[in-house]
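> below are the sequence and a predicted model for it; my questions follow.
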Amino acid sequence: MVLFIFGPNDYLVQHKLQELKERYRQKAGGPASPAGGDLNLVTLEGENLTFEDFAAQVQAMPLLFTSRLIIVRDIFKTKNRPLLEKIKDFLPHIPKSSVVVFADFNDVDKRLGLFKALNKPKVAQSCQIFSLGEVKKFILQQVKERGGQIAPPAVETLAEFAGVNLWQVSSELEKLLTYCADRPVAKEDVELLVSRNLASNVFTLIENLTAPNSKAAALRELEVLLASGEPPLKILSLINYQYRSAALVKEAMGKASGSYAIAKSCGLSPFQVTRMMSFARAVSWERLSEIYAALAAVDEAVKTGKIEDREGLKDLVLAV
């Protein structure tokens with residue numbers, strides 16, 4: 001049997017992989033069982049894998065059990081393209097006693113022959129970045145599984161603060177549920193205990209930059225970012241990225257409808273597009289052009305040493 005789990009949602013890939021391991025261990029008699037379990041569970045790192053090692057592990061007979069579980073991580077990271085072709089050709093010859101799971105923690109080049117051979121119904125599971133709605137559903141599911149409660153405004157705020165990083169969402173939920181003990185998690189708890197990720201803070205900053213009469217709010221948001229220790233040039237780069245994303249979304253909105261269609265057109269995640277769409281509608285092309293000019297001027301002044309990077313960011317906020 002062959003299975004293929006892949007995609008940029010690395011939390012989901014890891015979760016599905018862990019589920020497969022646990023199911024296999026249970027069938028083998030449990031983790032502590034001498035008859036199976038980890039004795040027949042092998043993990044291979046695909047980036048430096050050789051075909052000889054792959055074939056040897058796949059063809060080996062199970063020890064004290066009926067099957068072996070071979071996990072091949074990130075095979076598509078390898079630069080050895082002939083290896084991918086050899087593995088593709090070997091797939092039909094994998095013995096019934098071996099369960100081979102290819103797990104890639106990123107998007108994969110869909111033109112490759114091995115990808116096409118693995119990307120079949122009942123074999124492949126694509127784990128893409130969650131949309132905002134999917135993040136909220138994930139939060140509710142995790143809270144239920146952990147025996148806790150959370151208020152709807154807290155779900156909204158946690159999704160906004162943590163974004164699509166499910167590792168952070170999971171970690172923050174553990175902290176919040178422990179802190180709140182026997183009561184539901186409230187919005188105020190999230191605001192107290194959870195820090196916004198950098199992209200979320202920068203997005204709030206550009207919303208304030210674009211809105212009328214919001215200079216003071218934008219400057220406060222910038223001070224928060226600088227106080228967090230983030231390098232000023234990284235903040236400047238992310239501001240540039242957010243405005244470029246807004247321009248891409250704004251253009252795509254005139255040609256496509258729906259966040260998924262727009263995301264595919266722009267090369268962004270559905271979550272990014274969902275959040276960016278209302279902003280893209282509100283800002284005019286003329287305003288975007290003015291902001292790009294200000295960004296370019298500040299970027300040049302900082303990189304040529306005409307102005308300090310922190311001062312350059314403040315100048316940018318005042319200029320736009």
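Arrived safely, thanks for sending.

> residue 292 versus the nearest residue to residue 283 once chain neighbours are set aside, what's the distance?
Nearest residue to residue 283, sequence neighbours excluded (C-beta to C-beta, 6 or more residues apart in numbering): residue 210, at 5.1 Å. In short, each C-beta sits where N, CA and C put it, glycine included. According to C-beta to C-beta, to the nearest Å, residue 210 stands 12 Å off from residue 292.

> can you give me the strands for the stretch 1-150 of the chain?
In the stretch 1-150 of the chain, strands defined by DSSP state E, counting those that start in this stretch lie at 2-6, 41-45, 68-73, 98-104, 124-126, listed in chain order.

> dump those to TSV, plus mean pLDDT, distance to residue 22 and mean neighbour count.
Shown next, in TSV, are those (pLDDT from 0 to 100; distance: least, C-beta to C-beta, whole Å; neighbours: other C-beta atoms under 10 Å):
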stretch	mean pLDDT	distance to residue 22	mean neighbour count
strand 2-6	95	15	21
strand 41-45	92	11	16
strand 68-73	94	11	22
strand 98-104	95	13	22
strand 124-126	93	16	15
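
> quick check: which of these is nearest to residue 231?
Evaluated over the strands of the stretch 1-150 of the chain, closeness to residue 231 peaks at strand 98-104, with 30.8 Å, by C-beta to C-beta.

> per the record, what domains does this protein have?
Listed by automatic domain parsing, the domain ranges of the chain are 2-126, 132-193, 198-319.

> quick one: mean pLDDT for the last one?
Going back to what we said before, that points to domain 198-319. Across domain 198-319, pLDDT averages out at 80.

> how long is that domain end to end?
One end of domain 198-319 sits 22 Å from the other (C-alpha to C-alpha, to the nearest Å).

> tell me where the stretch 201-320 of the chain has strands.
Under DSSP E, counting those that start in this stretch, the stretch 201-320 of the chain gives no strands.

> picking up where we left off before, now the strands of the stretch 1-150 of the chain in TSV, with distance to residue 59?
As requested, the strands of the stretch 1-150 of the chain are exported to TSV (distance: least, C-beta to C-beta, whole Å):
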stretch	distance to residue 59
strand 2-6	14
strand 41-45	12
strand 68-73	10
strand 98-104	7
strand 124-126	23
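
> and for the nearest residue to residue 55 once chain neighbours are set aside, the neighbour number?
Excluding its sequence neighbours, the residue lying closest to residue 55 (C-beta to C-beta, 6+ apart) is residue 90, at 6.5 Å. Residue 90 has 15 neighbouring residues, counting by other C-beta atoms under 10 Å.

> any idea how far residue 90 is from residue 66?
According to C-beta to C-beta, residue 90 stands 22 Å off from residue 66.

> ditto for residue 115
Note on residue 115: its distance to residue 66, by C-beta to C-beta, is 30 Å.

> which of these two has more neighbours?
Per other C-beta under 10 Å, whichever of residue 115 and residue 66 has more neighbours is residue 115, with 20 against 11.

> for the closest residue to the more buried one other than its chain neighbours, give its distance to residue 153.
Once flanking residues are discounted, residue 115 sits nearest to residue 108: 5.2 Å by C-beta to C-beta, 6+ apart. As for residue 108, its distance to residue 153 is 38 Å (criterion: C-beta to C-beta).

> now do residue 146
Look at residue 146 and residue 153: by C-beta to C-beta, they are 19 Å apart.

> same question, residue 242
On the measure of C-beta to C-beta, residue 242 and residue 153 end up 25 Å apart.

> more neighbours: which of those two?
The neighbour comparison of residue 242 against residue 153 (other C-beta under 10 Å) goes to residue 242, with 21 against 13.

> with adjacent residues omitted, what lies nearest to the more buried one?
residue 206 is the one closest to residue 242 (C-beta to C-beta, 6+ apart), at 5.1 Å.

> what's the local residue count around the one you found?
Residues within reach of residue 206, counting by other C-beta under 10 Å, total 24.

> do you know the pLDDT at the closest residue to residue 107 other than its chain neighbours?
Leaving aside its sequence neighbours, residue 107 sits nearest to residue 8 (C-beta to C-beta, 6+ apart; 5.4 Å). Looking at residue 8, its pLDDT stands at 81.

> so who does residue 8 touch?
Counting by C-beta atoms under 8 Å, 6 or more residues apart in numbering, residue 8 touches 105, 106, 107, 127, 128, 129.

> likewise for residue 112?
Per C-beta under 8 Å, 6+ apart, neighbours of residue 112: 76, 81, 84.
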